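>>> Here is a sequence together with a model predicted from it:
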Amino acid sequence: AIGGNLFLLFLFLVVVVVVKKMNSCVEEKRRENVVAFKHKLSEIIAKYSFAFENTDIVDLTTGEVVEDYGLVRCLQTNGGLTVTSSRKPSSSYLQQNEEKLMFEYKQETNQQHMQQKLNKEEEEEEEGE
């Protein structure tokens, strides 16, 4: 009877140690995931934290360009996305060309953003003089 009780006590202690080890592993993984999530979130915020000024506004229900700053026309002339007021692009076409379009769009918006920053810095320097 004493040997059986010692075995049960030993088995209980082993279970407690295993559960504690599992909890610490789970907690460590949770912390790693939180750090990875925060990192990805900060990348997204950095990527989209500036205003998209002077970009076309398209009514998604009709496909009509509501405010025309030339982005859609630029894509049309450069062999990109084809949008007319009477026809929306097919989703398969958008999916196939999404990466190209996003790259070109990001390049253009980044250039505009950098130019705005340079203009602002130049204005601040002129005011300081």
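Received, thanks.
>>> Which other helices and strands does the strand or helix carrying Gly3 contact?
Using DSSP states H and E, Gly3 maps to helix 2-48. Packed against helix 2-48, as judged by 3 or more CB pairs under 8 Å, 6 or more residues apart in numbering; DSSP states H and E, are no other helices or strands. No exception for glycine: its C-beta is placed from N, CA and C like everyone else's.
>>> how far away is the residue minimising distance to the centre of the chain from Arg31?
Closest to where the C-alpha atoms of the chain average out (CA atoms, centre = their mean) is Ile44, at 3.9 Å. Distance of Ile44 to Arg31, computed by CB to CB, to the nearest Å: 21 Å.
>>> Any regions of the protein where pLDDT drops low?
1, 50-52, 77-102, 129 (pLDDT under 70).
>>> Now with 80, please.
1-4, 46-55, 71-113, 127-129 (pLDDT under 80).
>>> Alpha carbons of stretch 23-40, in CSV - could you do that?
The C-alpha atoms that make up stretch 23-40 are tabulated as CSV, following Å, rounded to 0.1, in the frame of the first residue of the first chain:
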residue,chain,number,x,y,z
ASN,A,23,2.4,26.2,-19.8
SER,A,24,5.8,27.9,-20.0
CYS,A,25,6.1,26.7,-23.6
VAL,A,26,2.7,28.0,-24.5
GLU,A,27,3.4,31.3,-22.8
GLU,A,28,6.7,31.7,-24.6
LYS,A,29,5.0,31.0,-28.0
ARG,A,30,2.3,33.5,-27.1
ARG,A,31,4.9,36.1,-26.4
GLU,A,32,6.7,35.4,-29.7
ASN,A,33,3.4,35.7,-31.5
VAL,A,34,2.6,39.0,-29.9
VAL,A,35,6.0,40.4,-30.9
ALA,A,36,5.5,39.1,-34.5
PHE,A,37,2.0,40.6,-34.6
LYS,A,38,3.2,44.0,-33.3
HIS,A,39,6.1,43.9,-35.8
LYS,A,40,3.7,43.2,-38.8
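>>> Perfect, I'm done here.
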